[in-house]
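Colleague: no letters, just coordinates:
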Ligand code: MN
């Protein structure tokens, strides 16, 4: 059977000499039946259109912080690791994907944040300093272990995949979605109210999760189910 081709949007190392992608995405997509490929880091509209046309699905991976200028704010001291080239590519491709219902889209961690910012949402630049009542979202335990629960909203795509109600997830972020973009809805929240998942109701599969299923899927059925649902949507 032909495997769906899933394009991975990745980041650059500090010296801008290597594309960096966590192998967990590659392995999880393979386990779910896909053929993952790394996309070029480009904001060229023609090349981005080609990516969308030739891929069966797109996964926007995790990484550093989005430049707050992308959502109209000045950078706070605790915001860091900005890659302007990556921001440009990801925001451009996310905007295109939003109007391409035939291409399933999954955003993980930073990728989830990108989907939101590209469509007009905003971010907390730093949870500990901006949301003092928040629980710990940067876990100390190994990345494959869940760190906090989220409450998955009923009657959402996410609920159809992992079930509504409590889901235990890992947590490796210091930023979070503040205002959800108008065309998206929040589909899971942490106990402190922090947005942990989003989706676009008008799109067959436009889903973002703030946690890292690529680091849990080997021992966590809901994480593998998310990759399977994504790959199945790409067939
Ligand atoms: Mn979290």
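Modeller: Cool, the structure landed. Fair warning: this is a prediction, and the values are worked out from it, not measured in the lab.
Colleague: alpha carbons only for contacts and neighbour counts from here, please
Modeller: Noted.
Colleague: residue numbers of this protein in contact with the ion?
Modeller: 137, 171 (C-alpha under 5 Å from the ion).
Colleague: direction included, what does the lowest-mean-pLDDT helix or strand in the chain pair up with?
Modeller: Of all the helices and strands that make up the chain, strand 11-12 has the lowest average by mean pLDDT, DSSP states H and E, namely a mean of 92. Take DSSP bridges as the rule and strand 11-12 pairs in its sheet with strand 19-20 (antiparallel).
Colleague: just how off-centre is whatever helix or strand comes next after the strand it pairs with within its chain?
Modeller: The element immediately downstream of strand 19-20 (helix or strand, assigned by DSSP states H and E) is helix 23-31. The chain centre lies 15 Å from the centre of helix 23-31; the measure is C-alpha atoms, centre = their mean, to the nearest Å.
Colleague: got the buried residues for the following helix or strand past helix 23-31?
Modeller: Sequence order places strand 35-38 as the next helix or strand after helix 23-31, per DSSP H and E. Of the residues in strand 35-38, those scored as buried under the neighbour-count criterion (16 or more other C-alpha atoms under 10 Å) are 35-36, 38.
Colleague: cool, stretch 219-235 as well?
Modeller: Buried residues in stretch 219-235, counting neighbours by 16+ other C-alpha under 10 Å, are found at 220, 222-231, 233-234.
Colleague: same check, this time on stretch 145-156
Modeller: Judged by neighbour count (16+ other C-alpha under 10 Å), stretch 145-156 contains these buried residues: 145-153, 156.
Colleague: ok, so of those residues, who is nearest the ion?
Modeller: Nearest to the ion among those: residue 148, at 6.8 Å, using C-alpha to the ion.
Colleague: sorry, back to before: CSV please, covering the buried residues of stretch 219-235 and showing secondary structure and distance to residue 132.
Modeller: Listed next are the buried residues of stretch 219-235 as CSV, based on DSSP: H, G, I helix; E, B strand; the rest coil; distance: C-alpha to C-alpha, whole Å:
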residue, secondary structure, distance to residue 132
220, coil, 30
222, helix, 30
223, helix, 29
224, helix, 33
225, helix, 33
226, helix, 31
227, helix, 33
228, helix, 36
229, helix, 35
230, helix, 35
231, helix, 38
233, helix, 39
234, helix, 40
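Colleague: out of the residues you listed, which is nearest to residue 211?
Modeller: Distance to residue 211, by C-alpha to C-alpha, is smallest for residue 223 among those, at 9.7 Å.
Colleague: what ranges do the strands span in the chain?
Modeller: With DSSP state E as the definition, the chain shows strands at residue ranges 5-9, 11-12, 19-20, 35-38, 57-60, 105-108, 123-124, 148-152, 165-169, 176-177, 185-189, 195-199, 206-209.
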